[in-house]
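> Sharing a model that was predicted from the sequence below.
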Amino acid sequence: MTGRLIVQGVRDLFRQPWSLVLTVTAVALTVYLGGLFALALHTLDVEVLRAQGQAQFQVYWRPGTDAELVNRQWAWMRGLPYLADLRTFTPAQALTLMRQSLGPRLDIAALGGRNPLPPTAELRFRLPAGDAAYARTVYAKLSAMDGVAEVHFNARQVDLAQAAGLVRRRLVWPLALVLALLVALVVGNTVRLSLLRRCDEVEILRLVGAGDWYVRLPLIAGAGVVGAVGSLGGMALLYGTQRSLADLANTPPLWLHLSFLPVGTVILYVAAATLVSMAAGYLAARAA
Amino acid sequence: MIHIRDLSYRFGDRYALRGVSFSVEKGRFAFLTGPSGSGKTTLLRILHGALPVQAGKVGVAGCDLARLNAARLLQLRRDVAVIFQDFKILADRSVYDNIALSLRVRGIDEKYVRPRVEAVMAALRLDGEAGRPCRVLAGGEQQRVAIARAVVCGPRLLLADEPTGNLDWELALRLLDILRQVNAHGTTILMATHNRDLLAAVPEAPIIRLAGGEADPGGYDLDRASLDATEAGA
């Protein structure tokens, strides 16, 4: 019986084709609008967080620091959470690199057999989500190590990335709520209007002994179909927009790689719009 | 099956029913009659739970209508079928779907629905109309659909509000025959009509007469006074 009621709900939608078209269009445009924001945030994720949103540290020890101590500290660094890459240089390795880099311009003889370079290390971290202070914590730990003379890190980029992450996190939920509310209002209002048109029918169903489920399920199913079709339409529009802008954005001075939303996000969007529509349909159908 | 004591119902200041008392035993076929405006439809609507009990006591199929909650109302409407004066059929749906509706809302499997619907359609000469939407049917045909929907589920109590109003005499007699068959299977029937020929066509049926908002257990002007007095119990 449930299947037949769902089919009935879908068939009922076509009894007011213009209402159906307008509602699906409204849902599609709402989801499209939300999708545009999601696309912008996704691009921000890809371009800012992946390319620049990494904390990079250069650690310089004082010349002549005990090599055993430095080795222990490097071993400790390897165990740091979120470490993506660690490159270490003994004074000898650093000098070799400098010689390779500078070539004959470096006068080794002038050093008098002494190596003035300190042990150094380069650390790259992937910033943990939700922990804006992590880079500064690591900076403080590295600076406090015995023998360390100086620590450099890309604070500005980290701050930018963290600001972007903060904006993203602060935007996502309010945006999702606004979109859910919009979809709910559009679909819920349509179901209510449909109920007003069909109040005679609902009365008859009640008079012949139809229970709540029998009356409401077709309305809820219809609302779900409107949400699903509308959100798929919105995503299709978004895909078209992404395809048409991708080449344009990937040129100077933007050099933005505008990729479409991940499949999981698209499924989440469609599922969320469908569920919100069904919930709105349920709330509206409670009047039935 | 129906027990009414001192039932009164008002629309604003005007009494539609005042101090009505009568009983209809299980399995009986009874008529409810009276002039237009005497409260027949109001009484049937109360018996069906479509109007509340304002004063008095009303029991239908073991259910006290003064204490009706959502679950009891649902059960009442599955026990009690109604043939409405204004048909109350779904105009956009087919004849078949309208008749099948009262079986489907009871959750009856579709394989049992079809034979029962087809049998009732044949009995009411609707078998050629199964796929037609009800909005294109004539008034008499729509009334037969409403009747078919009410009888197809074999209710415990069938309330009929002027069910022959749009039918010619031959079809009216046929409907009466169908209702008597339904009654013979145990369904109690209370049929509102002011058609005296119909009252005469079922001589064994008691008559409850409503006149000016009150029940008159003395019956109409047919010779059934003793039977009416027993049924009315007033």
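In hand now; what should we look at? Residues are numbered from 1 along each chain as shown, chains lettered A, B, ... in the order given.

> so where do the helices sit in chain A?
Along chain A, the stretches classed as helices by DSSP state H are A:2-13, A:17-44, A:67-78, A:91-102, A:134-143, A:155-197, A:199-207, A:212-249, A:263-285.

> Can you give me the buried ones in the first one?
What that stands for is helix A:2-13. A:5-6, A:8-9, A:12-13 (16 or more other CB atoms under 10 Å in any protein chain shown). To be clear about C-beta, it is placed using only N, CA and C from the backbone, and glycine gets the same treatment.

> what's the answer for the fifth one, then?
By neighbour count with 16+ other CB under 10 Å, helix A:134-143 contains the buried residues A:134-135, A:138-139, A:142.

> hmm, back to that, would you check which pair of the buried residues of helix A:2-13 lies furthest apart?
Using CB to CB, the buried residues of helix A:2-13 reach their maximum pairwise distance at A:5 and A:13, which is 13.4 Å.

> Please produce CSV containing the buried residues of helix A:2-13, extended by distance to residue A:120 and pLDDT.
Putting the buried residues of helix A:2-13 into CSV (distance: CB to CB, whole Å; pLDDT from 0 to 100) gives the following:
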residue, distance to residue A:120, pLDDT
A:5, 72, 81
A:6, 67, 83
A:8, 74, 79
A:9, 69, 79
A:12, 73, 79
A:13, 68, 78
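
> okay, those residues in TSV with distance to residue B:5 next?
Converted to TSV, these look like this (distance: CB to CB, whole Å):
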residue	distance to residue B:5
A:5	41
A:6	46
A:8	42
A:9	44
A:12	44
A:13	49
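
> So which bits of chain B are right by chain A?
Residues of chain B found near chain A (CB under 8 Å from any CB of the partner chain) are B:48, B:50, B:74, B:77-78, B:81-82, B:84, B:88-90, B:92, B:101-102, B:104-107, B:110, B:149.

> Which members of those residues are positioned in strands?
B:81-82 (DSSP state E).

> Close to chain B: what parts of the stretch 101-250 of chain A are there?
Checking the stretch 101-250 of chain A against chain B by CB under 8 Å from any CB, the hits are A:201, A:203-211, A:214.

> what's near enough to touch residue A:266?
Residues in contact with residue A:266 (CB atoms under 8 Å, 6 or more residues apart in numbering or on different chains) are A:235, A:260.

> And it, how close does it get to chain B?
Distance, residue A:266 to chain B, using CB to the nearest CB, to the nearest Å: 37 Å.

> According to the record, where do the domains of chain A fall?
Per automatic domain parsing, the structural domains of chain A span A:2-49+A:165-285, A:68-160.

> all strands for chain B, in order.
B:2-11, B:14-24, B:29-33, B:55-60, B:63-64, B:80-83, B:157-161, B:188-192, B:207-211, B:214-216.

> about what we covered before: just the buried residues out of the residues of the stretch 101-250 of chain A next to chain B, in PyMOL syntax.
A single PyMOL command selects the buried members of these (16+ other CB under 10 Å):
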select buried, chain A and resi 201+204+205+206+207+208+209+210+211+214
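
> from the residues of the stretch 101-250 of chain A next to chain B, which is closest to residue A:164?
residue A:214 (51.2 Å).

> Could you tell me which ranges of chain B sit under the pLDDT cut-off?
For chain B, applying pLDDT under 70 flags the ranges B:212-234.

> list the contacts for the residue most central in space within it?
Nearest to the mean C-alpha position of chain B, by CA atoms, centre = their mean, lies residue B:159 at 1.5 Å. The neighbours of residue B:159, taking CB under 8 Å, 6+ apart as the test, are B:44, B:47-48, B:80-83, B:190-192.

> Export those residues to CSV and append columns for neighbour count.
Below are the contacts of residue B:159 laid out as CSV (neighbours: other CB atoms under 10 Å in any protein chain shown):
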residue, neighbour count
B:44, 24
B:47, 26
B:48, 21
B:80, 25
B:81, 27
B:82, 24
B:83, 26
B:190, 26
B:191, 28
B:192, 23
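
> residues making contact with stretch B:80-87?
A:207-208, B:41, B:44, B:47-49, B:60-61, B:102, B:142-143, B:145-147, B:149-151, B:153, B:155-163, B:165.

> what's the offset of it from the middle of its chain?
6 Å (CA atoms, centre = their mean, to the nearest Å).

> try stretch A:273-288
How far stretch A:273-288 lies from its chain's middle: 28 Å, per CA atoms, centre = their mean.

> Dump that stretch to CSV, keeping only the CA atoms.
Taking Å, rounded to 0.1, in the frame of the first residue of the first chain, the C-alpha atoms of stretch A:273-288 are listed here in CSV:
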residue,chain,number,x,y,z
ALA,A,273,17.0,19.3,-0.2
THR,A,274,14.9,16.1,-0.5
LEU,A,275,14.7,15.6,3.2
VAL,A,276,14.0,19.2,3.9
SER,A,277,11.2,19.2,1.3
MET,A,278,9.7,16.0,2.9
ALA,A,279,9.9,17.6,6.3
ALA,A,280,8.2,20.7,5.0
GLY,A,281,5.6,18.5,3.3
TYR,A,282,5.0,16.6,6.5
LEU,A,283,4.6,19.8,8.5
ALA,A,284,2.2,21.2,5.9
ALA,A,285,0.3,17.9,5.7
ARG,A,286,-0.3,17.8,9.4
ALA,A,287,-3.1,20.2,8.7
ALA,A,288,-4.7,17.6,6.6
